[in-house]
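A.B. asks: Here you go, sequence then predicted model.
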Amino acid sequence: MKKPNLLISECLCGVHCRYDGKNNRIDELECIQSLYNIIPICPEILGGLSTPRPPAERVGQLVINNIGVDVTKEFVRGALRTLTIAQDNNCHRALLKAKSPSCGCGEIYDGTFSGILTTGNGVTTDLLLENHIEVFTEKNIDSLIPKKSDD
């Protein structure tokens, strides 16, 4: 049986593409790779931002970095490119980085750079959800891994 394709944040795969040049490799990566054909993406890199880069947070519909520069255009460009990759690869699910201004799902930082979370989604997550792609984060990764039966 062919494994389904899964869009996944590159930082969760161990790629050093976070704003600070680090990664967020998940312990469950091998398990995920055994169940899915992974399609790694980083919307912020796809949008033209570099690594490292100043941290950014959503402020309403805008994305502003911590030195006051509006990077909304780059985030939207990255989201659109990510959607194209998802559609070209027939991805119906995505595993993205929690709390990110691109990839967060359900909660993101509030735009004050104070570590406070608020209800909301990242730019890429909003676009994927609008296009009927189910989004998960490392916080609910268990939903992507089938439970073993006790037969």
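C.D. replies: Structure's in. What do you need?
A.B. asks: My understanding was that Glu28 contacts Ile141; is that so?
C.D. replies: Yes: at 5.5 Å, Glu28 counts as touching Ile141 under the criterion of C-beta atoms under 8 Å. C-beta: built from backbone N, CA, C; applies to glycine.
A.B. asks: Can you pull out the residues in contact with the longest helix along the chain?
C.D. replies: In the chain, with assignment by DSSP state H, the single longest helix is helix 72-88. Helix 72-88 is contacted by residues 7, 39, 41-49, 56, 61-64, 91, 94, 101-102, 123-124, 126-128, 131, 133 when judged by C-beta atoms under 8 Å, 6 or more residues apart in numbering.
A.B. asks: can you do 6 Å?
C.D. replies: Residues from elsewhere that reach helix 72-88 (C-beta atoms under 6 Å, 6 or more residues apart in numbering): 7, 41, 43-44, 46-49, 62-63, 102, 123-124, 127, 131, 133.
A.B. asks: next one: stretch 140-151
C.D. replies: Glu28, Phe136.
A.B. asks: mind redoing it with 8 Å?
C.D. replies: For stretch 140-151, the surrounding residues in contact (C-beta under 8 Å, 6+ apart) are Leu6, Ile26, Glu28, Cys31, Ile32, Leu35, Tyr36, Arg93, Leu95, Phe136.
A.B. asks: Weed out the non-buried ones from these.
C.D. replies: Buried members of the contacts of stretch 140-151, scored by 16 or more other C-beta atoms under 10 Å, are Leu6, Ile26, Glu28, Ile32, Tyr36, Arg93, Leu95, Phe136.
A.B. asks: beta partners for the last one?
C.D. replies: Pointing back at Phe136 there. In this structure, Phe136 bridges to Leu95 when assessed by DSSP bridges.
A.B. asks: Could you pull up the residues touching it?
C.D. replies: Phe136 makes contacts with Arg93, Ala94, Leu95, Leu96, Cys105, Ser143, Leu144, as judged by C-beta under 8 Å, 6+ apart.
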